[in-house]
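*Asks:* Predicted model follows, preceded by the sequence.
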Amino acid sequence: MSLLTDISWESFQKLTLCEKAPYFRSNGHEGHVIIAQQFDRERLDALGNLATRIRRIAKSHEGLDFLQSLLSHRRAMLYFSQPSTRTFLSFLAACEILGLKTGEVRDASTSSEFKGESQEDSVRTFSSYFDLIVMRSKIGGLAERMAWLLSNSERPVPILNAGSGKDQHPTQAVLDIYTLQRSFEKSGGIDGKRVVFVGDLLRGRTVRSLSFLLTQYRDVEQVFVAPPQLQVAEDIQAMLTSAGVQFSLTDDFQSQIPDADAIYMTRVQDEWDTQQGESEKADISKFCLGMDELALMKPASVIMHPLPRREEIAVEVDHDPRAVYWRQMRNGMWVRAAMIATIFEKHKRIEAYANEHAV
Ligand code: CP
């Protein structure tokens with residue numbers, strides 16, 4: 001077993017993402033949730049099945065009471081130093097479903113970071129009071145560093161990465177996979193599907209994490225549609241090449257619509273601009289989905305978006321059954337509840353309850 005206590009931070013940093021992945025597991029499942037690379041297909045299937053069980057159990061008062069009894073002795077810290085609506089709220093709701101009490105810091109200016117405390121010391125402080133830390137940061141790799149730090153402290157509580165820098169958003173990618181599993185459950189699953197990513201693919205961490213997870217499925221083709229200056233980064237292309245995945249890059253969205261099984265839209269991530277007006281140089285008008293584009297889509301295809309959106313999906317599209325982004329967002333709550341339940345080894349009790357009550 002690979003343990004973060006057995007490796008120095010200097011040595012750990014030098015590992016590839018796939019080499020780091022086993023270090024984030026404990027007892028054969030996720031201890032920390034930090035990078036998409038720690039999820040293989042078996043884990044994705046298990047989390048999807050558990051999310052479905054939690055979703056069904058939570059429909060009844062009695063079922064929700066059962067779920068809320070599971071972790072009523074635990075506390076979770078939601079440390080979001082970068083803006084969020086749905087990731088924050090879905091983690092909050094997931095904690096409530098499982099009975100965890102929560103605390104939060106959403107603005108470092110209200111914490112002692114304002115007085116110069118380091119983020120490392122902040123997280124160590126949270127670990128003194130809470131049993132789980134969910135964190136979002138604009139600093140790439142910070143969640144990794146905190147996972148190593150806490151694993152080597154007297155309070156090795158799990159860290160869940162709710163978005164770090166431009167590099168990783170693993171829990172979003174897992175909920176995206178769950179949405180694809182549910183969307184294609186009557187049409188052969190995710191295997192063999194064609195997924196078309198559209199928009200700012202250079203700075204979208206959800207695309208980076210999901211692109212990796214899709215390599216766990218057979219014969220999934222990935223198409224990246226973006227203006228040249230926002231096209232997916234070379235490290236993702238290299239990862240896909242080494243995984244033997246068929247992929248292509250283009251700036252012609254219209255030509256990709258008729259053969260797409262899933263279209264994954266993204267907004268321009270101009271919060272990462274290094275110069276004023278940098279994003280405005282890209283003409284994103286050709287990377288928007290409206291009623292004309294909808295008319296070109298296959299009847300059984302789906303439109304996804306991690307949200308929030310701007311103008312890249314017209315509001316009228318929301319009424320089409322292929323628009324699954326609102327369901328995708330709600331799926332985040334079930335998937336995050338499944339992750340937390342697994343971390344605290346409550347998955348077997350949930351499975352037993354579901355079997356006993358035939359849900
Ligand atoms: N998808 C996502 O991360 O949304 P928020 O930024 O609102 O959390």
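*Replies:* Great, that's in hand.

*Asks:* Next to the ligand, which bits of the chain? Give me the list.
*Replies:* When proximity is defined as C-beta under 6 Å from any ligand atom, the chain approaches the ligand at S84, T85, R86, T87, F88, G163, Q172, P306, L307, P308. In short, each C-beta sits where N, CA and C put it, glycine included.

*Asks:* Give me the subset of those residues lying in strands.
*Replies:* Using DSSP state E, the subset of these located in strands is G163.

*Asks:* Just the buried ones from the residues of the chain next to the ligand, in PyMOL syntax?
*Replies:* To isolate the buried ones among these in PyMOL, judged by 16 or more other C-beta atoms under 10 Å, type:
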select buried, resi 84+86+87+88+163+172+306+307
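
*Asks:* Report the two of the residues of the chain next to the ligand separated the most.
*Replies:* Farthest pair in the residues of the chain next to the ligand (C-beta to C-beta) is F88 and P306. Separation: 13.8 Å.

*Asks:* which residues in the protein form helices?
*Replies:* 9-13, 17-20, 41-57, 61-70, 86-97, 119-129, 142-151, 170-183, 205-214, 234-242, 253-256, 291-294, 325-343, 347-356 (DSSP state H).

*Asks:* who touches the third one?
*Replies:* This means helix 41-57. Contact with helix 41-57 is made by 29-30, 39, 63-64, 66-67, 97, 174, 177-178, 181, 213, 216-217, 331, 334-335, 337-339, 341-342, 347, 350-351, 353-354, 357, 359, as judged by C-beta atoms under 8 Å, 6 or more residues apart in numbering.

*Asks:* Quick one: residues contacting the residue nearest to the spatial centre of the chain.
*Replies:* For the chain, the residue nearest the mean C-alpha position is Q172 (1.7 Å; C-alpha atoms, centre = their mean). By C-beta under 8 Å, 6+ apart, the contact set of Q172 is T87, G163, R205, T206, S209, L210, P306, G332.

*Asks:* repeat for I313
*Replies:* I313 touches M265, C288, L289, G290, I303, H305, A323, Y325, counting by C-beta under 8 Å, 6+ apart.

*Asks:* wait, which of those residues is closest to the ligand?
*Replies:* Closest approach between those and the ligand, by C-beta to the nearest ligand atom: H305, at 8.5 Å.

*Asks:* neighbours of that closest one, just the number please.
*Replies:* 25 (other C-beta atoms under 10 Å).

*Asks:* For the contacts of I313, give me TSV that also has distance to Q276.
*Replies:* TSV is the format used below for those (distance: C-beta to C-beta, whole Å):
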residue	distance to Q276
M265	26
C288	24
L289	28
G290	29
I303	32
H305	27
A323	34
Y325	30
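
*Asks:* Filter those down to the buried ones.
*Replies:* Neighbour-count burial (16+ other C-beta under 10 Å) is assigned, among the contacts of I313, to M265, C288, L289, I303, H305, A323, Y325.

*Asks:* Mind checking which of those are in strands?
*Replies:* Among the buried ones among the contacts of I313, the members falling in strands (DSSP E) are M265, I303.

*Asks:* Looking at the buried ones among the contacts of I313, which one is closest to M146?
*Replies:* When the buried ones among the contacts of I313 are compared for distance to M146 (C-beta to C-beta), H305 wins out at 28.8 Å.

*Asks:* For that closest one, give me the pLDDT.
*Replies:* You'll see H305 listed with a pLDDT of 98.

*Asks:* Let me see the contact set for it.
*Replies:* Neighbouring residues of H305 by C-beta under 8 Å, 6+ apart: Y264, M265, T266, E312, I313, Y325, Q328.

*Asks:* Among those, which pair sits farthest apart?
*Replies:* Longest span within those, C-beta to C-beta: E312 and Q328, 15.0 Å.

*Asks:* Quick check, Q246 in contact with T215.
*Replies:* No. In this structure, Q246 is not within contact of T215 by C-beta atoms under 8 Å, at 10.8 Å.

*Asks:* Quick check on the two: which one has the bigger neighbour count.
*Replies:* For Q246 versus T215, neighbours defined as other C-beta under 10 Å are more numerous around T215 (18 against 11).

*Asks:* Now that one. Nearest residue, chain neighbours left out?
*Replies:* In this structure, T215 finds its nearest non-sequential neighbour in A243, 4.3 Å apart by C-beta to C-beta, 6 or more residues apart in numbering.

*Asks:* same deal with P22?
*Replies:* Using C-beta to C-beta, 6+ apart, the nearest residue to P22 is S2, at 4.1 Å.

*Asks:* Among the helices of the chain, single out whichever gets nearest to D270.
*Replies:* Checking these against D270 by C-beta to C-beta gives helix 205-214 as the closest, at 14.5 Å.

*Asks:* Tell me what angle that closest one forms with helix 170-183.
*Replies:* Angle, helix 205-214 to helix 170-183, by axes from the mean of the first three to the mean of the last three C-alpha atoms, to 10 degrees: 60 degrees.

*Asks:* same question for helix 205-214, mean pLDDT?
*Replies:* According to the model, helix 205-214 has a mean pLDDT of 97.

*Asks:* Now do it: distance to the chain's middle.
*Replies:* 8 Å (C-alpha atoms, centre = their mean, to the nearest Å).

*Asks:* which helices and strands sit right next to it?
*Replies:* Packing partners of helix 205-214 (3 or more C-beta pairs under 8 Å, 6 or more residues apart in numbering; DSSP states H and E): helix 170-183, strand 194-198, helix 234-242.
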